[in-house]
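>>> need a structure here:
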Amino acid sequence: MADGLSYREIERKLGASSATVALWKRRFEHRGIDGLQGQHKGSQPRAATPAMQARLLRRVQQKPSDGSTHWSCRKLAQELGLSKSTVQRILTQVKMKPHRLDRYMASNDPEFEQKAADIIGLYLNPPQHAAVFCVDEKSAIQALDRLDPVLPLSPGRAERHGFEYYRHGTLSLYAALNVKTGAVEGKTARQHTSAEFVDFLTSLLKKVRWAREIHIVLDNLSAHKTPAVRQFLEHNPKVRFHFTPTYSSWLNQVEIWFAKIERDVIARGVFTSVADLSRKLMKYIRATATSARPIRWTYTNPKRRISAAVMTGTAH
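Model prediction:
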């Protein structure tokens with residue numbers, strides 16, 4: 001402007017808008033050269049330096065000094081003089097979740113590797129002309145009836161159950177999952193006994209008369225090892241039991257199915273009697289049999305405790 005240029009010429013020469021030219025003109029008129037200095041200090045240096053991140057990760061793996069069992073983002077931020085968002089961002093980047101807790105149980109079975117490889121071999125490479133079943137019992141299923149009416153699902157409101165309930169009784173559910181098809185054979189019983197278990201196995205055998213061998217994966221429950229069960233095995237030599245290692249029920253595929261029926265039927269079910277509970281369980285088993293699919297079961301780290309040589313040797 002000191003050179004006599006118009007706004008339009010300045011805009012074209014500097015690539016600025018007329019508003020920007022007017023703003024700088026006013027600043028110069030009011031404060032001179034000082035008015036052309038930067039008006040903003042810019043953002044503060046980031047607090048999450050590599051050293052601070054290392055300090056945070058070291059601290060989050062230690063217990064809080066106030067006696068609590070774990071850290072929250074706010075508590076950790078206050079401890080280290082950081083913002084909650086900074087702590088949350090660092091923990092997210094390294095995938096650490098101090099608020100989460102996972103439980104585990106390690107098998108103490110000295111024959112874990114042999115037993116696990118035997119069962120995995122049945123899943124991956126079952127014998128020809130053989131049936132493979134995963135068998136277990138879900139015991140003490142409660143027939144709970146709600147004392148208050150169930151309020152149905154509606155827009156903006158979840159289904160609601162009253163807090164109070166009446167317990168009609170319990171029953172056990174025997175289930176055998178066919179590894180090849182994913183279909184389940186089931187039976188309910190008032191009592192969880194060895195006799196009921198043998199009766200269930202007997203009915204199962206009648207449905208697979210074609211099989212030359214019948215392999216059954218099951219856990220180490222005492223009801224599976226009684227004299228009555230041993231007598232059943234003597235009378236049915238083509239039946240072979242494969243016991244899972246101790247504390248290793250996750251090797252039994254039927255446990256996956258039990259978790260499904262728990263979610264779909266039992267957890268939110270309303271049962272007017274034990275007979276009603278039995279009826280609804282069996283209805284679910286029959287209905288899902290038409291769309292059953294084999295479980296895509298994987299053992300994520302076979303190198304940890306299962307060697308390929310052992311699996312090859314036990315697969316039939």
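
>>> Residue 284: what's it in contact with?
Taking Cβ atoms under 8 Å, 6 or more residues apart in numbering as the criterion, residue 284 is in contact with 261, 264, 265. All C-beta atoms are positioned from the backbone trio N, CA, C, and that covers glycine.

>>> actually residue 166, not the one I wrote
Residues touching residue 166, when contacts are defined by Cβ under 8 Å, 6+ apart, comprise 144, 145, 146, 147.

>>> Would you mind finding the longest helix in this protein?
helix 274-289 (DSSP state H).

>>> on that earlier part again, of the contacts of residue 166, just the buried ones, PyMOL syntax please.
Command for PyMOL, covering only those of the contacts of residue 166 found buried under the criterion 16 or more other Cβ atoms under 10 Å:
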select buried, resi 144+145+146
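
>>> Secondary structure and distance to residue 298 for the contacts of residue 166 - can I get that in CSV?
What follows is the contacts of residue 166, written out as CSV (DSSP: H, G, I helix; E, B strand; the rest coil; distance: Cβ to Cβ, whole Å):
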residue, secondary structure, distance to residue 298
144, strand, 35
145, strand, 40
146, strand, 39
147, coil, 44
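
>>> ok, so of the contacts of residue 166, who is nearest residue 33?
Checking these against residue 33 with Cβ to Cβ, the nearest one is residue 146 at 80.5 Å.

>>> thinking the closest one is in contact with residue 270, fair?
Yes: here residue 146 reaches residue 270: they are 5.3 Å apart, a contact under Cβ atoms under 8 Å.

>>> How far does stretch 37-55 stretch from one end to the other?
Between the opening and closing residues of stretch 37-55 lies a distance of 39 Å (Cα to Cα, to the nearest Å).

>>> Identify each buried residue in the longest helix of the chain, please.
Taking 16+ other Cβ under 10 Å as the neighbour-count basis, helix 274-289 is seen to contain the buried residues 274, 277, 278, 280, 281, 284, 285, 288.

>>> same question, stretch 177-189
In stretch 177-189, counting by 16+ other Cβ under 10 Å, buried: 177, 178, 179, 182, 183, 184, 185, 186, 187, 188, 189.

>>> ok, and the closest non-adjacent residue to the third one?
It refers to residue 179. Nearest residue to residue 179, sequence neighbours excluded (Cβ to Cβ, 6 or more residues apart in numbering): residue 132, at 4.2 Å.

>>> repeat for the last one
Distances taken as Cβ to Cβ, 6+ apart put residue 196 closest to residue 189, at 4.4 Å, once the chain neighbours are dropped.

>>> on that earlier part again, which residues touch the residue nearest to residue 179?
Under the criterion of Cβ under 8 Å, 6+ apart, the contact list for residue 132 reads 122, 123, 126, 178, 179, 180, 215, 216, 217.

>>> before we move on, the earlier item: which among the buried residues of helix 274-289 gets closest to residue 16?
For these, the closest approach to residue 16 (Cβ to Cβ) belongs to residue 288, at 70.4 Å.

>>> Now that closest one. Nearest residue, chain neighbours left out?
Distances taken as Cβ to Cβ, 6+ apart put residue 184 closest to residue 288, at 7.2 Å, once the chain neighbours are dropped.
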